[in-house]
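> coordinates only, no sequence provided:
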């Protein structure tokens, strides 16, 4: 629930850069969701009806709504850099399709589901200090205690995070980052950005995730400050692969059913970030890439990366 990269980092960022994303659709003059009680965020979700569909709605129904993009909704989004963003978006899609898709599909085919789940659990476990720091900065002390308890339970009973035992006893996982912390204090998202290789973002989230959060990540700082570049890059690459492989099928479905895939991703990203900041339910939104790749300077001015 980060400084400028060195040349050696760029190829790794390419692998890691696909998980930020965002998606869905449009709004019509007549709200078709009144039967479901309307939107959970009526003032915010002006460019998609997806969040208004119950999480129990059929998957096909949810994805069809992604395709209902309305031009007025697109124009309402603060996207002054859209021409440039679309160029970067197309470049990212080329990289993902050419490189990440084959690797992710092979990973899902070869590696058994329990092993993939265990790897994801470990990566989430290692990100606990970042979540804890932001829980405290947001004065969310109950959530901070949950983060501490989860870490302790999964360290002792979960074999160092491989098994999410904490979830089984009611300690539910959540993630926080400094972009969410800034948003919780009322700082707006600013204009929409598509970062080369890293995907959808905005100034607030980019600063929070890539410039601040690395300082809350002791393992990442240790790896970069002890020149353990191989381990650092491996962690970044595995994080990117794990997250992308987990949502590759949903991304394909969003692309298939969207009138404008760029607008769909933009809309879903903004909705998910708003829901994350509010610590609220996501309304059954499809999963999207959301790389927890954290960058930060060490004493030599190079870049740290971590989940």
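Received the coordinates, thanks. Since we're looking at a predicted model, the values are computed, not measured. Residues are numbered from 1 along each chain as shown.
> just give the number of residues close to residue 151.
Counted with other CB atoms under 10 Å, the burial measure for residue 151 works out to 19 neighbours. For the C-beta atoms, the positions are set from N, CA and C on the backbone; glycine is no exception.
> right, I mislabeled it, should have said residue 275
There are 19 residues near residue 275, going by other CB under 10 Å.
> now do residue 96
So residue 96, with other CB under 10 Å, has 22 neighbours.
> you'd agree it is in a strand?
No - following the definition DSSP: H, G, I helix; E, B strand; the rest coil, residue 96 is helix and is not counted among the residues of a strand.
> how about the contacts made by residue 206?
With contacts defined as CB atoms under 8 Å, 6 or more residues apart in numbering, the neighbours of residue 206 are 179, 193, 195.
> and for residue 183?
For residue 183, the contacting residues are 189, 204, 273, 277, taking CB under 8 Å, 6+ apart as the criterion.
> what strand or helix carries it?
When elements are assigned from DSSP states H and E, residue 183 belongs to helix 178-184.
> do residue 136 as well
Using DSSP H and E, the element containing residue 136 is helix 128-137.
> from the rest of the structure, what touches that helix?
Taking contacts as CB under 8 Å, 6+ apart, the residues outside helix 128-137 that touch it are 1, 141, 143-144, 147-148, 150-151, 174-178, 180-181, 213, 216-219, 292, 294.
> now do 7 Å
Outside helix 128-137, the residues that touch it by CB atoms under 7 Å, 6 or more residues apart in numbering are 1, 143-144, 147-148, 151, 174-178, 180-181, 213, 216-218, 294.
> right, and the helix or strand after the helix holding residue 183?
Using DSSP H and E, the helix or strand that follows helix 178-184 in sequence is strand 193-195.
> show me what the helix or strand following that next one is packed up against.
Going down the chain from strand 193-195, the next helix or strand is strand 199-201, by DSSP H and E. Helices and strands touching strand 199-201, by 3 or more CB pairs under 7 Å, 6 or more residues apart in numbering; DSSP states H and E, are strand 193-195, helix 261-277.
> partner strands of the shortest one, with direction?
What that stands for is strand 193-195. strand 199-201 (antiparallel) (DSSP bridges).
> and the next element down the chain from the partner strand?
Going down the chain from strand 199-201, the next helix or strand is helix 203-207, by DSSP H and E.
> if we can go back for a sec, between the contacts of residue 183, which is nearest residue 238?
residue 273 (24.4 Å; CB to CB).
> gap between the closest one and residue 213?
Distance, residue 273 to residue 213, by CB to CB, to the nearest Å: 15 Å.
> picking that back up, tell me the mean pLDDT for the helix holding residue 183?
Here the mean pLDDT over helix 178-184 is 96, rounded to a whole number.
> can you put the contacts of residue 183 in JSON lines and add distance to residue 91 and pLDDT?
JSON lines is the format used below for the contacts of residue 183 (distance: CB to CB, whole Å; pLDDT from 0 to 100):
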{"residue": "189", "distance to residue 91": "23", "pLDDT": "94"}
{"residue": "204", "distance to residue 91": "23", "pLDDT": "97"}
{"residue": "273", "distance to residue 91": "22", "pLDDT": "92"}
{"residue": "277", "distance to residue 91": "28", "pLDDT": "94"}
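> ranges for the strands of this structure?
Using DSSP state E, the strands found in the chain span residues 193-195, 199-201, 296-297, 303-304.
> quick check: mean pLDDT of the last one?
If I follow you right, that is strand 303-304. For strand 303-304, the per-residue pLDDT values average out at 45.
> what's the answer for the first one, then?
Model confidence over strand 193-195 averages 94 on the pLDDT scale.
> just give me the neighbour total for the spatially closest residue to residue 157 that is not a sequence neighbour.
Using CB to CB, 6 or more residues apart in numbering and skipping residues adjacent in sequence, the residue nearest residue 157 is residue 165, 4.5 Å away. By the measure other CB under 10 Å, the count of residues near residue 165 is 18.
> what does residue 124 give?
Residue 124 has 19 neighbours, counted by other CB under 10 Å.
> so how far is residue 244 from it?
15 Å.
> do the same with residue 270
Taken as CB to CB, the spacing of residue 270 relative to residue 244 amounts to 20 Å.
> and residue 193, by the same measure?
Residue 193 sits 20 Å away from residue 244, taking CB to CB as the criterion.
> residues contacting the residue nearest to residue 157?
Contacts for residue 165 (CB under 7 Å, 6+ apart) come out as 153, 154, 157, 158.
> ChimeraX command for the buried members of the residues you listed?
Only the buried members of these enter the following ChimeraX selection, criterion being 16 or more other CB atoms under 10 Å:
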select :153,154,158
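> the contacts of residue 165 in helices, which ones?
Among those, the residues falling in helices (DSSP state H) are 153, 154.
> quick one: which of the contacts of residue 165 is nearest to residue 78?
Distances from those to residue 78 were compared by CB to CB; the smallest belongs to residue 154, at 39.4 Å.
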